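>>> Sequence and predicted structure below; questions after.
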Amino acid sequence: MPNPTVQDLLKRINYIEADLEIQKQILFSLPSDDTDEMENIVSTISAKKQEINELRQQIKRQDPEEYDRILLFENAVDQFKSLAASRNFTSVTGRNTDDACILQLKNSPAIDCLIKACDAEGNWAIVTMDGHIKEFLKEEVDELPPDTVQ
């Protein structure tokens, strides 16, 4: 059997991560006195995390550049989550197959982004196409969030 592609490995990781979330939900729904089942699920979660780590190492061996890009985007997502926890985002828009995600600026070219979010004060944060977080004051941006009536 040929080596799986990086995309195949990423799909497998996504599948395992989805299964991990289900296992966590099951764990939290168990009665506190069902320790045997809790131990089984914790063991399952641990094994799935180890499998993810092994798949990630396989990606690193097959394509170190892609692995570094994945880490860069994971870091950007973590930073964005931290921003979201500390700011009151009232609008979040992401790129998808049907729609671009572009932030229109007043005195600079528009920026292509993966995610853009506007907080209650009208300030913006984006994840750029190359996995960086950028923030802009309301005065720098030439657009309103989608749910704002003009």
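Here it is on my side, so go on. Numbering: from 1, shown residues only.

>>> So for the top strand by length along the chain, what gets flagged as buried?
Counting by DSSP state E, the longest strand found in the chain is strand 111-119. Going by neighbour count (16 or more other C-beta atoms under 10 Å), the buried part of strand 111-119 is 111, 113-119. Bear in mind the C-beta positions are built from the backbone N, C-alpha and C, glycine included.

>>> repeat for stretch 94-105
So for stretch 94-105, counting by 16+ other C-beta under 10 Å, buried means 95, 101-103.

>>> Redo those as a markdown table? Include secondary structure and distance to Asp78.
Converted to a markdown table, those look like this (DSSP: H, G, I helix; E, B strand; the rest coil; distance: C-beta to C-beta, whole Å):
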| residue | secondary structure | distance to Asp78 |
| --- | --- | --- |
| Arg95 | coil | 19 |
| Cys101 | coil | 19 |
| Ile102 | strand | 24 |
| Leu103 | strand | 21 |
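
>>> Return the closest of the residues you listed with respect to Ala18.
For those, the residue nearest Ala18 by C-beta to C-beta is Arg95; the value is 21.2 Å.

>>> how about the closest one, phi and psi?
phi -70, psi 140 (degrees, to the nearest 10).

>>> Pretty sure it sits against Cys113.
Yes: under the criterion of C-beta atoms under 8 Å, Arg95 is in contact with Cys113, at a separation of 7.0 Å.

>>> Now list whatever residues contact both of those two.
Residues touching both Arg95 and Cys113 by C-beta atoms under 8 Å, 6 or more residues apart in numbering: Cys101.

>>> Tell me the buried residues in stretch 11-22?
13, 16, 20.

>>> which residues touch the first one?
Each residue near Ile13 by C-beta under 8 Å, 6+ apart is listed here: 52, 55-56.
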